[in-house]
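Q: pasting the sequence and the predicted model now:
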Amino acid sequence: MKQTRLNALHKKLGAKMIEFFGWEMPLEFKGIIDEHVAVRTRAGLFDVGHMGEINVAGRDALALVQHLTPNDAGRLAPNQVQYTALTTPRGTFVDDMLVYCLGPEHYFLVVNASNTDKDFAWVRDQAKGFDVKVENASDAWSQLALQGPRAQEILQPLTPIKLAELKTFWAARGPVAGVDCLVSRTGYTGEDGFEIYTLSTRPDTIAEAILAQGRAFDILPIGLGARDTLRLEAKLPLYGNDIDDTTTVLEADLKWIVKFKKGDFLGKDVLEKQLAEGLKRKIIGFDLIDKGIARPHYPVFVKGRQVSQVASGTFAPFLKKAIGTAYLPIEATEIGTEFEIGIREKQVKARVIPMPFYRRPDKAWADIPRN
């Protein structure tokens, strides 16, 4: 298995390690519920060094990114960040990702660990005919995420970057704990926080400094288990569960990342047709009326007929209830609509509820810049 550069630190901290798409990663340290609550109420530190990083540089860098993605990267200023997707000609997902504008001719794509090789091959193949250089830089980068309402207080003493001036979905360069970094106000938890990228071979220096600085705030190291429950509460999609190459961007309730007026992009014609004709299905959020926990792949029934399966599902530690997502026929997607989920040979009642399931007390999801 591949290992991130924080692997030894995880084991020193007592992590329960698992295999995750070819990587040895921490599932939990103190426990998923404790770690989840720590991020919601204080702060947590994640190792996301398994994520993929792809450089797109050259005269046609912007043109290629515009071709690959439905969002409008032309709106990005240097050091601005954008959530978007790599789309197929069918308007479905190769992956979802962040795009960093690092300069007029340099874009930095951050993709999912499970898709890095596939994504790089896709970008490289699509780059034919463009005057660009595409580089898979994943092995060179390490990435940490400091998330939670106390994140800024913890990180500020460790960097000269003026964090209070760093807006959501913007990035800045500067040292963290004396190590050169790219720091962005982004995350995958629904909380305020920062993602920290470094080319240093010793990111453990950064991690240990953050954990030491955060001790007064009862910071915890966080594993993949809480990362998943946090992102689901915040309605942040997971490739392979909520989105994949069979689901379109519109069906995934991500119309806000589709900028039809920007010009052509992969899948635009299909998405325009789907928008004009109306969706036949879309993703919804649900909670359970009956007792139980709906796990991914459990069958979903509407009026006795199986229509799909649970995309994501878990017990939400902060909300203290069972929640999940699923694709339903459009006529069954109104808030309050009841349907059934098969759990251990029983059909339990569920109902459609608004998403995101959780919103930060200080900032509604709708207020986050949707560039």
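A: Sure, I can see it. Numbers count the residues shown, from 1 in each chain.

Q: setting aside sequence neighbours, what's the nearest residue to residue 354?
A: The spatial neighbour of residue 354 that comes closest, neighbours along the chain excluded (C-beta to C-beta, 6 or more residues apart in numbering), is residue 335 at 6.0 Å. In short, each C-beta sits where N, CA and C put it, glycine included.

Q: would residue 156 count as being in a strand?
A: No - if the criterion is DSSP: H, G, I helix; E, B strand; the rest coil, then residue 156 is helix and not within a strand.

Q: what sits against the residue lying closest to it once chain neighbours are set aside?
A: In this structure, residue 156 finds its nearest non-sequential neighbour in residue 163, 5.2 Å apart by C-beta to C-beta, 6+ apart. Residue 163 sits next to 152, 155-156, 183, 185, 194 when contact means C-beta atoms under 8 Å, 6 or more residues apart in numbering.

Q: filter the residues you listed to the buried ones?
A: Neighbour-count burial within the contacts of residue 163 applies to 152, 155, 183, 185, 194; the criterion is 16 or more other C-beta atoms under 10 Å.

Q: helices along the stretch 251-371 of the chain, start to end?
A: 268-277 (DSSP state H, counting those that start in this stretch).

Q: break this structure into its domains for me.
A: What automatic domain parsing lists as the domains of the chain is 2-50+140-233, 52-115, 255-353.

Q: out of these, which is closest to residue 360?
A: Closest to residue 360 of those is domain 2-50+140-233 (C-beta to C-beta; 6.2 Å).

Q: still on that earlier bit, could the domains of the chain go into TSV alongside mean pLDDT and distance to residue 245?
A: Output for the domains of the chain, formatted as TSV (pLDDT from 0 to 100; distance: least, C-beta to C-beta, whole Å):
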stretch	mean pLDDT	distance to residue 245
domain 2-50+140-233	98	16
domain 52-115	98	5
domain 255-353	97	11
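
Q: export those domains as a markdown table, with columns for distance to residue 133.
A: Output for the domains of the chain, formatted as a markdown table (distance: least, C-beta to C-beta, whole Å):
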| stretch | distance to residue 133 |
| --- | --- |
| domain 2-50+140-233 | 15 |
| domain 52-115 | 5 |
| domain 255-353 | 20 |
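
Q: who wins for proximity to residue 240 among the ones you listed?
A: Judging the domains of the chain by C-beta to C-beta, what sits closest to residue 240 is domain 52-115, at 6.5 Å.

Q: can you name the residues that contact the nearest residue to residue 239 once chain neighbours are set aside?
A: Leaving aside its chain neighbours, residue 239 sits nearest to residue 112 (5.1 Å; criterion: C-beta to C-beta, 6+ apart). By C-beta under 8 Å, 6+ apart, the contact list for residue 112 reads 51-52, 95-97, 119, 239.

Q: repeat that for 10 Å
A: By C-beta atoms under 10 Å, 6 or more residues apart in numbering, the contact set of residue 112 is 21, 50-52, 95-97, 118-119, 238-240.

Q: for residue 240, same thing?
A: 21, 93, 95, 112, 114-115, 296, 311-312 are the contacts of residue 240 under C-beta under 10 Å, 6+ apart.

Q: circling back to that earlier point, of all the contacts of residue 163, which two lie farthest apart?
A: So, those by C-beta to C-beta: farthest apart are 156 and 185, at 12.6 Å.

Q: just to revisit the earlier point, of the contacts of residue 112, which belong to helices?
A: 118-119 (DSSP state H).

Q: show me where the stretch 101-250 of the chain has its strands.
A: Remark: strands assigned in the stretch 101-250 of the chain by DSSP state E, counting those that start in this stretch are 106-111, 133-136, 142-147, 171-176, 179-184, 193-198, 220-222.

Q: so which of the ones you listed is nearest residue 262?
A: Of the strands of the stretch 101-250 of the chain, nearest to residue 262 by C-beta to C-beta is strand 106-111, at 15.0 Å.

Q: returning to what we had before: quick check: the residue nearest to residue 354 touching residue 328?
A: No - using C-beta atoms under 10 Å, residue 335 is not in contact with residue 328; the gap is 11.9 Å.

Q: overlap in contacts of these two?
A: Joint contacts of residue 335 and residue 328 (C-beta under 10 Å, 6+ apart) are 284, 352.
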